[in-house]
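Engineer: requesting a structural model of the entry that follows:
(chains A, B and C)
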Amino acid sequence: MSRRPWLRWETLLAAAVAAAFVANALLSPYFLNATTLSDASFNFTEKALVALPMALLIIAKEIDISVAAIMALASVAMGYGAIAGWPTPALVLLGIGVGVACGACNGLLVTALRVPSIVATIGTMSLFRGIAYGVLGDRVMKHYPRGFDYFGQGYPIGTVSFELLLFLAAALITGIILHATTAGRRIYAIGANATAARMSGVAVDRYRLALFIATGAASGLASVLLTSRLGSTRPSLAVGWELEIISMVILGGVAVAGGRGTILGVVLAAVLLGLVTFGLSLQNIPGIVLSIVVGTLLIVIVALPAVSARLATARAARPARQG
Amino acid sequence: MTVRTFKPSREWGLGLLTLAMVLALSAHWPQFATAASLRSALDDTAILILLALGQMLVIVTRGIDLSVAANVALTGMVVALINHAHPDAPIVLLAALAMLLGGGLGAFNGLLVWRLGLPPIVVTLGSMAIFRGLVYVVSGGVWVTSDKMSPAFQELVRAPFLGFSTLSWLALLGTIAAALWIRYSRAGRRLYLVGSNPAAAAYVGVDPGRAQCIAFTLSGFVAGLCGYLWVARFAVAYTDVAAGFELQVIAACVIGGVSINGGSGSVPGVLLGCLFLGVVRNALPLIGVSPFWQMAVSGLVITIAVVLNERGRGDQHRRILELPNT
Amino acid sequence: MSPPPLLRLSALGKRFGGVRALEEAHLTLEAGTVTALIGENGAGKSTLVKILTGVYAPDQGEIEFDGRRVRIASPSAAEALGISVIHQESVVFEDLSIAENVFVTHPPRRHGLIDWVDMRRRAGALLRQLESGLDPRALLRGLSVAERHVVQIARALSHEARLVIMDEPTAALSQHEADDLLRIVARLRGEGRAVLYISHKFEEIFSAADRYVVLRDGSTVGAGRITDTNLDELVRLMAGRAVAQLYPERRSAPARSAAPGGALPGGAPMGEEILRVHQLCCADEFEGVSFALRRGEILGIYGLVGAGRSELMQVLFGLRRPRSGRIELHGQPLELRNPGDAIRSGIAFVPEDRQNQGAVLGRSIRDNVALPSLARLGLGGWASTARETALAAEWIAQLQVRCQGPAQALQELSGGNQQKVVLGKWLATAPKLLILDEPTKGIDIGAKMAVHRLMRELATQGLAVIMVSSELPEVLGMSDRILVMRRGRVAAQFDAGSTSAEQVLHAATVA
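Structural biologist: Numbers count the residues shown, from 1 in each chain, chains lettered A, B, ... in the order given. This next block holds a predicted model:
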C-alpha cells in the first residue's frame, strides 16, 4: 500500500472538481458570480458537515444511516423549544444535544449490545424519524426567534456564508484530528483490525462510542443550520440525506472496508457533488434527475481504480515471460 | 455433541412470539382474527416476503442490495406505462417483462460487484439513486393512476383462488421455491459456500463474485415481479413508490436470523421475520396507534428484535480465538 | 519391471516476478509411504504444494502421476487425479454441516437434486472409518482444530485420494490429538495411499515418516530414507550451514551487572522478583494458579491444548477478568481492566495469532510499531510522524527486519519478518514483563533462531519473559524454569536445567 493510491484518488477528485467548475461556467452565464457561488455552497455544506465525522466512523469500519433521522428529530425538538419561547443559544444547544443523545443511543447499541452498526442504525433510523412524525404529525413549525436565522442565512464575510465558514472550520478540525493526532492513528488501526488494535491497548469501544456521538452531534448541528436556513421544521426534513452523506464519504475515497481515507478527499467530494448538483439545477434539471447523476458519479469514481487495475494486470500478463 | 444444521430454537422462538401476538390481538380485537382480516394481512406482507427472500440470497453471499425498492418502483412504472399505452396486452406478459427488466437491473448490480470487485453497499447505493431517478425520467414526473390502468391489470393481483389472492399464492410459491432451491440445488448451496468462506469457496472452484452476481440477478427478478404486484395492488405508479422499503426488507431478514456476515439464513426464518413485522404493522392501527406514531413503534420493534437477535447469536464466534468483547 | 512411482516431480521451476520460488525441485513419492517435506519457510514448500494442488502452474519441469505426464490445471483437476491437501488454515465452511463439508465439491445427487440422506450416511461412514464420533449433521463452527482436520481427511477419503498432502497438521493440536492424527496417517499409508507430510516438528518426522525430502532456496538438496539420516544432518541441509546448537545457552548465574544499553530503570539488580501470581482463578478456565517470576528469567509454560495457558495469559494482559486471586507487579497489586492498563504497568503480550490479533496487516510497519507507544511518541494528543518513523527504523535495524522501509505495508513481509515487527512494537514500549504465546509458530528456522537469541538477550538485560509453547524442545531449551499446566491447574513447576522431557510430558498428561 504505497503512497500512490492516495495521490490518485484525491487528484482524480480535484480534476473532477475543476472539470465541473469549468463546465458550469461555460454552461451558465450566471455561474461565475460571487453571490451565485456562495449560494451554490448551500447545496452541500449541511450534508458535508455530517460527512466529516461519518468519514471517521466509516474509516473505523462502522456506519450510521440514521443521521438524517437525527436531523429531523433535532429539528422537531428545536421547534418545540422555539414555541416554548427559548432563546436562540438554548435552541442551538437543544439541537446539538438531541444529536448527541441519538448518537449515544446508536453507539451503545453497537458497543454495549454488540449489534452490527448497519443493522442497529436501520432500526434507529425508523425510530428517530418515527418519533419526529409521531410528535409533529403533518404540521409544520415556523415560530423561530429572530436571531435564529443567522446560522443558515447569515454572511459573516462578504458573500461567504456562515455555513460555509463553519464547514471549513469543522473540516480543518476533523482533518487535524484524523491526520495529526494519536486519536486519528488509533481510528485507522481500529478500522484495519479492531482486535489487534485492542490488543495494542487501544480502547476500541470507547472510540466507537465517541465517533457515534460525534456523528450525532454533527447531525444536530447540521439540523440547526438547515432549520435556520429553511426557517421551519417538518418531520420529513432531510429525507434521503443519509445516503447522500454516505455517498459523499465514499466518493471522497474512504473505503467501506475501513482503515483508509482522507478528509481532503471528503471535502473535495462534497465540493464536487455540490458543484454538479448546483450546476444541473441552474440548467433547470429537476432534483430527482440529479440523483441519477450522483449515483452514476459514485459508481464511476469507485470503479475507476478497479478498471485501471484490471487494465494494468492485463497489460502485464500479456508478454509471456521466458526463463 | 449434536448441533443441528439450523438452530430450530431461534425460528421456533420467533414463530411462537408471532403466534402469541396474533392470539393476544385477536383475544382483544376479535376482528383481527377473522379470515378476511388475516387474508388482508397476508396480502400486505406478501410483497415483503418475496423481496425478503431475494434479499436473503444477496445477504447470504455477503452482499447487500439497497436498490430493491427503487427496482420495484422502476419496473412497476414501466409496466404501468406499457399497460396504459397498450391496455390489451396480456397481463402475464407484462409481469414477465417486469421480471426480466428487474433481473436486468439486478444483473447490473451483480456485474459491477463481480467483474469490478466493487463493494455491494456502494454499488447498490449508486444504483438505487439511478433507478429512482429513472422512474422520473421514464414517467416525466406524471403519476399513473388507476383510471389509466386497465381493469385486468389491477384485478389479476386480487383474483381469488381457493380463498387466497394471487398475491398471497405468489408469496407462498416463492417461499416454497426458494426453500427447495437453496436446499436441493448445487447453485443454491454455492451461495452458502461463498458467504461462509469466500476464499475456501474459490479454492474448491466456486467463484464468489459469480455467486454474488447470480444472487443479485435473482433478487432483481423478484423485485421486478414485485414491481408489477405493487403498482397493481395499490393501483398507482409514481416516483416514490416503495420509498424506504429496502430497509424494511433488510430488517425482516435480520429479524429472521439471516446473518449480516453471510453464510447463514433460512427460508422459514425469513418468512417468520416478515410475518412478525406484518403482524406488528397490522396490529398498530388496530390498537389505535395513530398513523403518525406507527413508524416510531415499528422502528422500536425492529431495534429490539435486532438486539435480541444478536444476543441470541452471541456464542457463535466466527473465529476460534476471538476474544470476549472485541 | 516395478510399477512407476505414484508421483514424480522433475526439475520443477516457478518464478514470481523476479523471485525464484522453485528451481530444480525434485520429488518422488511411492504409494504406501509417508514422505516428510522439510525446509525453512521461503524454501519453496508451499509453492510446491500449490503446484501439486493446481493453484499454480510450473514454469519448468514435469509432473508425472502414475507414470504419465500430467498438467494439473486447477484444484478440481488435482482432486480428479486423487490429490488432496489438509491445510493449516482450515479450508472449511463453518456455517455448514460436516457432511456438506466432506462432500462440498461432489455432493451425492438423486434426479439432479442433492441427496442429503445419502450424504449424511456416507459422511458418517467415513468418520467412523477414522474412528471419530462426530455427528455428520453438526456444524463446523463448534469443532476444535483437531476435529476440523478429521473432517478434511474425511473429505480427502471421499475423493479416493491417492496422495494426501498434510501441511503442518499438528501445529495447533494437543499431544493426544497429534497422536490420533499420526495414527490416521499410518492407516492412510496402510491403505496404499501416499502421504506428503510437511512439518517443523522433528520428533514427529522421525517417528512417522518413511522418507524425507529437504528443500532449500527452491531446490531439492537432499532426499532419502529417514532411517539413514539424523537431526543434525537434516538441519544442516535445511539451513545450509553447520549449526552447533539450536538454542542459545542458558544463563547459569542469576545476578549480573547490567549489560550496556540494557540497564533497567532504576538499575535494579537482576534476579529480583518482579511478578507474583497468587491463587488466580478464572471461571471455567483455570483455578488456584500461583507462581512467581524474577527479572532476567524465562518462564516456559507448557501444557496441552485446553490446559488454560492462553486464558492465563489473557488475564495477565487484561483481556479477561479473573474471578479471584491476586497479581502483584513489583509488590504492588495489579488491577487490570483492559490491555491499556497492562501496557501502562509495563506488560507486553505477543499473541499466537499474528494475523488476526498481533499485527495490523493493512497498515505500514511504522504504524504497527508505533501503535502501543503513540501517547509516548506524541505531545499531548498530537502525533509525531517523524518520531514514529524513527522508532520504526530503529527497531527494523535492531531486529534486522527485511523490508523496504518503515512505510511498507506489513502484509508484504514474510511471516518471520512480520513477527519481528510485532516484537519490535512491544519492545518499543520498554516492558518489564514480556509474554510470548507460541512465538516461533509458523516461521522459518532462521527467524526462529533469531527470535530465541533475542529472547535470551532480553532476559540477560533484565526483562522477565513468559513463553507459552507447545514445542517440548523449545520449552526445555529456552526456559530457565518450566510451569506445566494441566486441565486448568498448575501441575508442576520445574527448574529447566534439572528436569527431563519425560518428566514435563508426564506432568502435562497424566490425569
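Engineer: who in the stretch 101-250 of chain A is up against chain C?
Structural biologist: Contacts of the stretch 101-250 of chain A with chain C, taken as Cβ under 8 Å from any Cβ of the partner chain, map to A:180-186, A:188-189, A:192-193, A:195-203. To be clear about C-beta, it is placed using only N, CA and C from the backbone, and glycine gets the same treatment.
Engineer: and the helix or strand hosting B:Leu191, anywhere near chain C?
Structural biologist: Assignment of secondary structure by DSSP states H and E places B:Leu191 within helix B:186-196. Yes: legend: contact between helix B:186-196 and chain C by Cβ under 8 Å from any Cβ is shown at B:Arg186, B:Arg189, B:Tyr192, B:Leu193, B:Gly195, B:Ser196.
Engineer: drop anything exposed from the residues you listed.
Structural biologist: The neighbour count (16 or more other Cβ atoms under 10 Å in any protein chain shown) marks B:Arg189, B:Tyr192, B:Leu193, B:Gly195, B:Ser196 as buried among these.
Engineer: and which of these is nearest C:Ser414?
Structural biologist: Nearest to C:Ser414 among those: B:Ser196, at 29.1 Å, using Cβ to Cβ.
Engineer: can you redo the residues of helix B:186-196 next to chain C as CSV with distance to B:Gln248 and pLDDT?
Structural biologist: Compiled in CSV, those are given as follows (distance: Cβ to Cβ, whole Å; pLDDT from 0 to 100):
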residue, distance to B:Gln248, pLDDT
B:Arg186, 32, 92
B:Arg189, 28, 94
B:Tyr192, 24, 95
B:Leu193, 29, 94
B:Gly195, 22, 94
B:Ser196, 26, 93
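Engineer: quick one: which of those is nearest C:Ile165?
Structural biologist: Closest approach to C:Ile165 among the residues of helix B:186-196 next to chain C (Cβ to Cβ): B:Leu193, at 22.0 Å.
Engineer: got the contact list for the closest one?
Structural biologist: Shown in contact with B:Leu193 (Cβ atoms under 8 Å, 6 or more residues apart in numbering or on different chains): B:Ala200, B:Ala201, B:Val204, B:Val206, B:Ala211, C:Phe93, C:Leu96, C:Val104.
Engineer: can I get the residues you listed in a markdown table with pLDDT, secondary structure and neighbour count?
Structural biologist: Output for the contacts of B:Leu193, formatted as a markdown table (pLDDT from 0 to 100; DSSP: H, G, I helix; E, B strand; the rest coil; neighbours: other Cβ atoms under 10 Å in any protein chain shown):
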| residue | pLDDT | secondary structure | neighbour count |
| --- | --- | --- | --- |
| B:Ala200 | 88 | helix | 21 |
| B:Ala201 | 91 | helix | 24 |
| B:Val204 | 84 | coil | 18 |
| B:Val206 | 90 | coil | 20 |
| B:Ala211 | 96 | helix | 26 |
| C:Phe93 | 91 | coil | 24 |
| C:Leu96 | 92 | coil | 21 |
| C:Val104 | 90 | coil | 22 |
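Engineer: turn these into JSON lines, including distance to B:Thr239.
Structural biologist: As requested, the contacts of B:Leu193 are exported to JSON lines (distance: Cβ to Cβ, whole Å):
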{"residue": "B:Ala200", "distance to B:Thr239": "44"}
{"residue": "B:Ala201", "distance to B:Thr239": "39"}
{"residue": "B:Val204", "distance to B:Thr239": "45"}
{"residue": "B:Val206", "distance to B:Thr239": "39"}
{"residue": "B:Ala211", "distance to B:Thr239": "33"}
{"residue": "C:Phe93", "distance to B:Thr239": "43"}
{"residue": "C:Leu96", "distance to B:Thr239": "43"}
{"residue": "C:Val104", "distance to B:Thr239": "46"}
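Engineer: leaving out chain neighbours, which residue sits closest to the most centrally placed residue in chain A?
Structural biologist: For chain A, the residue nearest the mean C-alpha position is A:Ala51 (1.8 Å; Cα atoms, centre = their mean). Leaving aside its sequence neighbours, A:Ala51 sits nearest to A:Met248 (Cβ to Cβ, 6 or more residues apart in numbering or on different chains; 4.4 Å).
Engineer: so that neighbour makes contact with A:Lys47?
Structural biologist: Yes: if you go by Cβ atoms under 8 Å, A:Met248 and A:Lys47 touch, sitting 6.2 Å apart.
Engineer: can you give me the end-to-end distance of stretch C:103-122?
Structural biologist: Using Cα to Cα, to the nearest Å, one end of stretch C:103-122 lies 9 Å from the other.
Engineer: would you mark the buried spots in that stretch?
Structural biologist: C:Phe103, C:Val104, C:Thr105, C:His106, C:Pro107, C:Pro108, C:Ile114, C:Asp115, C:Trp116, C:Met119, C:Arg120, C:Arg122.
Engineer: which parts of the chain are strands?
Structural biologist: The chain I'm using is chain A. Here chain A has no strands by DSSP state E.
Engineer: switch to chain B, please.
Structural biologist: Counting by DSSP E, residue ranges of the strands within chain B are B:144-145, B:160-161, B:164-165, B:236-237.
Engineer: quick revisit: ok, of the residues of helix B:186-196 next to chain C, which one's closest to B:Pro285?
Structural biologist: Closest to B:Pro285, out of all of those and judged by Cβ to Cβ, is B:Gly195, at 37.5 Å.
Engineer: show me where the stretch 351-500 of chain C dips below the pLDDT cut-off.
Structural biologist: C:442, C:444-446 (pLDDT under 70).
Engineer: hmm, back to that, any idea how far the residue nearest to the centre of chain A is from chain C?
Structural biologist: Computed as Cβ to the nearest Cβ, to the nearest Å, the A:Ala51 to chain C distance reads 23 Å.
Engineer: who touches that residue in this structure?
Structural biologist: A:Ala51 neighbours (Cβ under 8 Å, 6+ apart): A:Ile245, A:Met248, A:Val249, A:Gly252, A:Val266, A:Ala269, A:Ala270.
Engineer: what residues does the stretch 51-200 of chain C have near chain B?
Structural biologist: Residues of the stretch 51-200 of chain C found near chain B (Cβ under 8 Å from any Cβ) are C:55, C:74-76, C:90-97, C:100, C:104-105, C:107, C:113-114, C:116, C:134-135, C:137-139, C:141-142, C:144-145.
Engineer: name only those of those that count as buried.
Structural biologist: C:55, C:75, C:90-97, C:100, C:104-105, C:107, C:114, C:116, C:134-135, C:137-139, C:141, C:145.
Engineer: in strands, which of the residues you listed appear?
Structural biologist: Those of these mapping onto strands are C:Ile114, per DSSP E.
Engineer: filter the buried ones among the residues of the stretch 51-200 of chain C next to chain B by proximity to chain A?
Structural biologist: Residues of these in contact with chain A (Cβ under 8 Å from any Cβ): none.
Engineer: just the ones of the buried ones among the residues of the stretch 51-200 of chain C next to chain B in helices?
Structural biologist: If you go by DSSP state H, those have C:Pro75, C:Glu100, C:Trp116, C:Val145 in helices.
Engineer: what's the most distant pair in the residues you listed?
Structural biologist: C:Trp116 and C:Val145 (26.6 Å).
Engineer: where does the stretch 1-150 of chain B have low pLDDT?
Structural biologist: For the stretch 1-150 of chain B, the stretches flagged by pLDDT under 70 are B:1-9.
Engineer: make it 80
Structural biologist: Residue ranges of the stretch 1-150 of chain B with pLDDT under 80: B:1-13, B:30-33, B:35-37.
Engineer: could I have the helix holding B:Leu191 exported to CSV, CA atoms only?
Structural biologist: Extracted in CSV, the C-alpha atoms of helix B:186-196 (Å, rounded to 0.1, in the frame of the first residue of the first chain):
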residue,chain,number,x,y,z
ARG,B,186,-26.0,-27.0,-6.2
ALA,B,187,-26.3,-23.5,-7.3
GLY,B,188,-28.3,-22.7,-4.2
ARG,B,189,-25.7,-24.4,-1.9
ARG,B,190,-23.0,-22.4,-3.6
LEU,B,191,-24.4,-19.2,-2.3
TYR,B,192,-23.9,-20.5,1.2
LEU,B,193,-20.4,-21.7,0.4
VAL,B,194,-19.4,-18.3,-0.8
GLY,B,195,-20.9,-16.5,2.1
SER,B,196,-19.4,-18.8,4.7
